[in-house]
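A.B. asks: return atomic coordinates for the entry below.
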Amino acid sequence: MKPLDTAFIRNQFPAFAEPSLEGWGFFENAGGSYTCRQVIEILNSYYTRTKVQPYYNYPASQQAGAAMDTAYTQLAAWLNVGENEVQFGPSTTQNLYVLAHAFRELWDTGDEIIVSAQDHEANAGFWRRLEKTGIIIKEWGVNPETGMLDPADLDNLLSPKTRLLAFPHCSNVVGHVNPVADIVTQAKAAADVCVVVDGVAYAPHGLPDIGFLGADIYLFSLYKTWGPHLGLMTIRKQVMDALPNQGHFFNAGIDRKKMVPAGPDHAQIAAAAGVAQYLDAVYDHHFPDPADGAASSDSAQKGRQLKQLFLDHETALLTTLLDWLKQRSDIRIIGPQDPALRAPTLSIVPRDKSLDAVFAALTEKKLMAGQGHFYGVRPLMGMHIPIETGVLRLSFLHYTTADEIHQLIDGLSRALN
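C.D. replies: As a prediction, this is how the structure comes out:
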């Protein structure tokens, strides 16, 4: 496989040519990635040419509706799900709020749901609130040393009354990548359970093959996957059909509107197609010969190849960073130290200096990082890390370069010494 052409990749992101950002190393991608030019161009075009009510019979309206339809079609193909299984909402948190209300109408008092303690609060809080309505909450706890989830623990949690299992594909503070397909198989063999996977911290490293993973519901944030500020949610058709309508009563039979209480942001939905078009451009650049990869129409297969391309690049960078961090006794690395087991979302806790001081020193060195709990309060509590101070989070994507990793290492060395 060809190595990732970072020059080509970075040319797809206007931020890397922005004078005000020149020289800054961006290591807070887990909070929101840079936006690719394909998304920006579609958004600009939509607001300029088609900012009208879509789906009427005049040209601008027809073009607006077609642009939205393209987003559903293209992203469904990359995610390996049906076009009618893709949902857009204002955020992943809002999507989960709606989901929790919808599922509660199906359940009886005493039914059980399992929620992991590794979750971002968006995929934990609303499920846990259902305890006040008579639903029994079981917690899948984390290892207090590593923050990791042990699938074997599920055997003691699953029961005939389990209705839902919620866990992350990858924690936004622990970084460990959970074996989603295996967990889904394990859960469904033991109970009649709906599996909800939070992919917010995983999807930026290559859109997931949801059809392969088998999750009933999978959620992630498009603004962390190079796109507009929307939450994308896939719901398996059988599950969608069973869920009660959460939108206007007259939209109950429309899959796209059933889980959307308010009208969607038309322009941002249209712009979401730019994420798929960016991936198409990257694929065509790296695999110009059809013999090198998938047929041009098989987006799911192309996605698997791109994900491996991204993974190889990110793992090489992560290995360099982890090798340096592991030599230091003045920090605690959160999560696994083997780069093969984790995403490049790396949290550390300084032992000898305050987080504030280290963070300030990094900023002086033109390094953009993150500090806090990032709504991952439960995994931090499970590892006995004070949420008042939290962690220093360093996160990067496939557009990050080796030079930026060395810039980060130099900045950390100066900040910690």
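
A.B. asks: list the buried residues of the helix ranked longest in the chain.
C.D. replies: The single longest helix within the chain, with elements called by DSSP state H, is helix 299-326. For helix 299-326, the neighbour count (16 or more other CB atoms under 10 Å) marks 299-300, 302-307, 309-311, 313-315, 317-318, 320-322, 325 as buried. All C-beta spots, glycine's among them, are computed from the backbone N, C-alpha and C.

A.B. asks: and after that helix, which helix or strand comes next?
C.D. replies: strand 331-333 (DSSP states H and E).

A.B. asks: got the angle for whichever helix or strand comes after that next one vs helix 299-326?
C.D. replies: Counting by DSSP H and E, the next helix or strand C-terminal to strand 331-333 is strand 345-350. Compare the direction of strand 345-350 with that of helix 299-326 by axes from the mean of the first three to the mean of the last three CA atoms, to 10 degrees and you get 20 degrees.

A.B. asks: show me what strand 345-350 is packed against.
C.D. replies: With contacts defined as 3 or more CB pairs under 8 Å, 6 or more residues apart in numbering; DSSP states H and E, strand 345-350 has these neighbours: helix 299-326, strand 331-333, strand 391-395.

A.B. asks: and that strand, how far from the chain's centre?
C.D. replies: What separates the centre of strand 345-350 from the centre of its chain is 19 Å, taken as CA atoms, centre = their mean, to the nearest Å.

A.B. asks: name every strand pairing with that strand and say which way it goes.
C.D. replies: Applying DSSP bridges, strand 345-350 is found paired with strand 331-333 (antiparallel), strand 391-395 (antiparallel).

A.B. asks: and stretch 311-331, C-alpha only, in CSV?
C.D. replies: The C-alpha coordinates for stretch 311-331 follow below in CSV (Å, rounded to 0.1, in the frame of the first residue of the first chain):
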residue,chain,number,x,y,z
LEU,A,311,-4.2,3.9,10.5
ASP,A,312,-0.7,3.2,9.2
HIS,A,313,0.1,6.9,9.1
GLU,A,314,-1.4,7.7,12.5
THR,A,315,0.1,4.6,14.2
ALA,A,316,3.6,5.6,13.1
LEU,A,317,3.2,9.1,14.5
LEU,A,318,1.6,7.7,17.7
THR,A,319,4.5,5.2,18.2
THR,A,320,7.0,8.1,18.1
LEU,A,321,5.1,10.1,20.6
LEU,A,322,4.4,7.1,23.0
ASP,A,323,8.0,6.0,22.9
TRP,A,324,9.1,9.4,24.1
LEU,A,325,6.4,9.6,26.7
LYS,A,326,7.1,6.2,28.1
GLN,A,327,10.6,7.2,28.9
ARG,A,328,9.4,9.9,31.3
SER,A,329,8.6,9.2,35.0
ASP,A,330,7.0,12.6,35.5
ILE,A,331,3.7,11.8,33.7
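
A.B. asks: and the worst-scoring helix or strand of the chain on mean pLDDT, what does it pack onto?
C.D. replies: Sorted by mean pLDDT, DSSP states H and E, the helices and strands of the chain end with helix 255-258, the least confident at a mean of 93. Where contact means 3+ CB pairs under 8 Å, 6+ apart, helix 255-258 is packed against strand 86-89, helix 237-242.

A.B. asks: neighbouring contacts of the shortest one?
C.D. replies: Which is strand 86-89. The contact list for strand 86-89 (CB atoms under 8 Å, 6 or more residues apart in numbering) reads 71-72, 75-76, 79, 95, 98, 230-235, 255-256, 259-260, 264-265, 268-269, 272.

A.B. asks: got it, and the last one?
C.D. replies: Where contact means CB under 8 Å, 6+ apart, the residues beyond helix 237-242 that reach it are Gly82, Asn84, Glu85, Leu106, Cys194, Asp216, Ile217, Asp255, Lys258, Met259.

A.B. asks: let's go with 7 Å and repeat that
C.D. replies: By CB atoms under 7 Å, 6 or more residues apart in numbering, the surrounding residues in contact with helix 237-242 are Gly82, Asn84, Glu85, Leu106, Cys194, Asp216, Ile217, Asp255, Lys258.

A.B. asks: my guess is the third one contacts Leu232, does it?
C.D. replies: This points to Glu85. No: applying CB atoms under 7 Å, one finds Glu85 not in contact with Leu232, separated by 10.9 Å.

A.B. asks: and Pro264, what does it touch?
C.D. replies: Phe88.

A.B. asks: where does pLDDT dip in the stretch 151-300 of the chain?
C.D. replies: Flagging of the stretch 151-300 of the chain using pLDDT under 70 yields the residue ranges 290-297.

A.B. asks: can you show me the strands along it?
C.D. replies: In the stretch 151-300 of the chain, the strands defined using DSSP state E, counting those that start in this stretch lie at 162-168, 194-198, 217-221, 231-235.

A.B. asks: what remains of the contacts of helix 237-242 if I keep only buried residues?
C.D. replies: Buried residues within these, counting neighbours by 16+ other CB under 10 Å: Gly82, Glu85, Cys194, Asp216, Ile217, Asp255, Lys258.

A.B. asks: could you give me the average pLDDT of stretch 83-99?
C.D. replies: Stretch 83-99 carries an average pLDDT of 96.

A.B. asks: with stretch 117-131 instead?
C.D. replies: Mean pLDDT, stretch 117-131: 95.

A.B. asks: then stretch 406-417?
C.D. replies: Computed over stretch 406-417, the average pLDDT equals 97.

A.B. asks: tell me which element Tyr46 falls in.
C.D. replies: Element membership of Tyr46, judged by DSSP H and E, is helix 37-49.
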